[in-house]
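Novice: let me see the structure of the following:
(3 chains)
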Amino acid sequence: MSLLGGGIFKGMAVTLRNFVGSYFYKDRLTTNDYSWRPSDKLPQRAGEYPKEEGEQLRDTTTVTNYSRNFPMLLHDGSEPMDTIRCVACQICERECPPQCIYIEKSTEKKENAGGKPQFFPATFDIDVSVCMSCQICVEVCPFDAIVMNSQFELSTPDRFGGLLLRRDDLLKSNGYYHKIHPEEATARDKRIAEEKAAKEAKKKAAAEAAKKMAEEKAKAEAEANEGTPDMEENTE
Amino acid sequence: MSHTVGHEPILGKFPGTNWDEKAGALVVPALQAKEIATWLRDNDAFLLDYCSNVTGVDYLECEVKEKVTKEDGTVETVTRTEPSRMDVVYHLYSMQKQTGPLVFKQRTKREQPEVESLTPVWRSCELQEREVFDLFGVNFKGHPDQRRILMWDEFEGHPMRKDYTEPFDYEWEPTPHDEILQKHQRGKVIV
Amino acid sequence: MSSATAIAPNYELIQQDGLETSLLEVSMGPHHPSTHGVFRMDVKLDGETVVDLQPVFGYLHRNHEKLAENMSYLASMPFTDRLDYFNSMTNNWAYALAAEKLVEIEVPERAEYLRVIMAELTRLVNHVSLVGFFINDLGALGTPLLYAFREREKILDLFEQASGARMMCNYFRFGGLRNDVPEGWLDRARDVVDRFPDFLDEYEKLLCENEIILSRTQGVGNLSRELAISAGITGPMLRASGVNYDIRKVDKYSIYDRFLFRVPYSDGNVGDCYDRFMVRMLEMRESIGILKQALGGIGDGPVLGNAPKVFKPKPAEVYGRVEAPKGELGFYLIADGTPKPYRYRVRPPSLINLTVLRDMCLGQKVADAVIILGSIDIVLGEVDR
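Specialist: Numbering: from 1, shown residues only, chains lettered A, B, ... in the order given. Have a look, this model is predicted:
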């Protein structure tokens, strides 16, 4: 600091370097353009928004592959209510920290994705003005029925009804989930398949064991039956 | 992990104090606290110069079931009533010796509780004791500036007490969320 | 004259030629841009000099502690994000640390490493933006803050990839983490960490020798060593007053004993705003050192220990604390055998660091009161809870 004001000039050199550099390196830009991007390519991180002339934000499904904001209900096939995964067990309603989920269980059972007759939610409401996107409902769900959506454009002129998402608004297909969160969805599907396979293997093993046991029992019985005459002979 | 502070010398020096083994805390009578605290801060064996955390704990009167082993070896479950009380808890550390924590509790009655303020001993108690006064209604004798801190001055009641009931919300307006909350209040959903 | 001395005994009212002057009372805030949120300073001024100052807060109070006492242990985890909304990761950690003491869960090694990485990244985020805000309070609008936010953005992207949210991460669980980081995350983190020192060099060149910053911060808001200890000041502010006390070194919680790092602290002669600013700049260097070691040493494995499905601890009392970027963040939990905590207490570093605001501001100029508040580094979500 020999020269008075030397420190200020040093700082100004830094700002000049950043200003000029921002024309050549995206890293030096202090602002990121979020609103312009093509709809087919999902950005991986901020700054990766290839801008095309004249194209405006149309697709409001997601910002990045990892973002979350409000929950949605998953179904597997084309007809949402026939393949809904939720069985209205109400665990998420109990665990929700801000208490924004409201579920009413159906009175009769209906066949769902698993092929078994199950209860289903007659009402499933999420008040997104209360929801705080914490993802606890996703963690506690034992049926992988609720996952996080990342649709962010939810503004509405109706303050009360418009922010209350009903069951049919919440139902989204597994394909949509794969589109917005590819990595997470693949991992989840893999886990479900593994669990199912393990369950089936266990079932099979149990069935085999039962069969083996029955066979052994039959054999033992047969042996016992065979053995009786010998005994009788011995006693004689 | 930090090194724990030996409590035996304190019990020997101040006969009124006792050690709560279950909570791992030194319990002192409410009117002796300042003397003990000053001694703990200045004594070379402790040098507890840093009071980290101050808070209140409100205990309602409750029934406790306890298993008591009799002389002949049989175990019997005894129900006894635990009287209500108010604790003011201090977590003490030593910055010089890098030891701690020593949990220091002032125990007092629940109705119109009064304890000695330790702000003259540790400045860090100043805002936190105000908070305990605000939320629990504990009166700190000798506090330099005892006012409400988080709630507004006109507020009535002490919200952290276990028996506090919310007054009618005059800002209430109907929202779709109401039926959810009503369901929770009816006890249909048990958290 | 006598009234002024009654208000502030260690300040003598300047009287010129027997002229009767009255004190000017200014209420700065609660929506003043320099107060970092809804915070009010009732200032009494003699000319431009502060003779009395009372911090007023509670505008953001929602009784977080009462809320948490009425819900399960896990359910209050996302609410801890909202305490110090800049550093949700360390808030989560402090709560998880306290709750893990209640039930004694073993945290897997990979989870410990990731926790350290997240906490140190959070420290970078906090310090880099705090320095920006602090310079903003000095009057340098924009430039340093925007540079800081540009770098912060890169780290927030990492948080988003790991946890799904940029600020309200809700990433830690009792016994580990919610999920593992996605593939390639560690490489991206290494990339960000490797490039951060270049930015710090530039930032130091921009700020540390600037004559205006030096003259505005040196000798302003002095805090003595004795007062800092007695008032329970923690974090960078305590170390700027010359006390070598860092909970990462003292408690050695998690796996901090495996890393080599230094704790920057000043010589304790003044403890002014410049010291607090420099301690934060130096701490960022150490954080990068820890990050490099942690990113080098991390191995494979599970990230969630064998936490019980229903978290229902036996009756006990615990106090868990971590070195959050703002100071000692502690959680005091009393369990009574039910799934809800009987008592849940947050020890907020921001609130307790405010204890000495009045002492530091007395006798200073009113414009310096703004800088002193900025150098304390408060977040109103934590002060008010």
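
Novice: could you pull out the helices in the stretch 101-250 of chain C for me?
Specialist: C:109-138, C:143-163, C:185-207, C:211-217, C:225-230, C:236-240, C:247-250 (DSSP state H, counting those that start in this stretch).

Novice: for the third one, name the packing helices and strands.
Specialist: Okay, so that is helix C:185-207. helix A:6-21, helix C:109-138, helix C:143-163, helix C:273-297 (3 or more C-beta pairs under 8 Å, 6 or more residues apart in numbering or on different chains; DSSP states H and E). All C-beta atoms are positioned from the backbone trio N, CA, C, and that covers glycine.

Novice: burial check on the closest residue to chain C within chain B, number of neighbours?
Specialist: For chain B and chain C, the shortest gap (C-beta to the nearest C-beta) falls at B:S124, measuring 2.6 Å. When neighbours are defined as other C-beta atoms under 10 Å in any protein chain shown, B:S124 has 27 of them.

Novice: run through the residues that contact it.
Specialist: Residues near B:S124 by C-beta atoms under 8 Å, 6 or more residues apart in numbering or on different chains: B:50-52, B:54, C:230-233, C:352, C:355.

Novice: what sits closest to it if chain neighbours are left out?
Specialist: Excluding its sequence neighbours, the residue lying closest to B:S124 (C-beta to C-beta, 6 or more residues apart in numbering or on different chains) is C:G232, at 2.6 Å.

Novice: what pLDDT is listed against the one you found?
Specialist: Note on C:G232: pLDDT of 88.

Novice: what residues does chain A put near chain C?
Specialist: Proximity of chain A to chain C, by C-beta under 8 Å from any C-beta of the partner chain, involves residues A:1, A:4-8, A:10-11, A:13-15, A:17-18, A:28-32, A:45-46, A:64-68, A:95-97, A:132-136, A:139, A:148, A:183.

Novice: so what's the residue count around B:F104?
Specialist: By other C-beta under 10 Å, neighbour count at B:F104 equals 25.

Novice: same check, this time on B:K22
Specialist: 8.

Novice: skip the chain neighbours and tell me the closest residue to it.
Specialist: C:P315 (7.6 Å).

Novice: what about the helices in chain A?
Specialist: Remark: helices assigned in chain A by DSSP state H are A:6-21, A:91-95, A:136-140, A:167-170, A:174-180, A:182-235.

Novice: partner residues bridging the most centrally placed residue in chain A?
Specialist: The residue lying closest to the centre of chain A (C-alpha atoms, centre = their mean) is A:V147, at 3.3 Å. Beta bridges link A:V147 to A:M72 when assigned by DSSP bridges.

Novice: dihedrals phi and psi, whatever residue of chain C ends up closest to chain B?
Specialist: Residue nearest to chain B within chain C (C-beta to the nearest C-beta): C:G232, separated by 2.6 Å. Dihedral pair for C:G232: phi 70, psi 30, per degrees, to the nearest 10.

Novice: looking at the helices of chain A, which is closest to C:L130?
Specialist: Nearest to C:L130 among the helices of chain A is helix A:6-21; the distance by C-beta to C-beta comes to 18.7 Å.

Novice: what residue ranges in chain B score low on pLDDT?
Specialist: B:1-4, B:169-171, B:175-177, B:180-181, B:183-191 (pLDDT under 70).

Novice: which strands or helices does the helix or strand of chain A with the lowest mean pLDDT pack on?
Specialist: Lowest by mean pLDDT, DSSP states H and E among the helices and strands of chain A is strand A:110-111, with a mean of 75. Counting contacts by 3+ C-beta pairs under 8 Å, 6+ apart, strand A:110-111 packs against strand A:117-118.

Novice: the strand it packs on pairs with which strands?
Specialist: Strand A:117-118 has these strand partners (DSSP bridges): strand A:110-111 (antiparallel).
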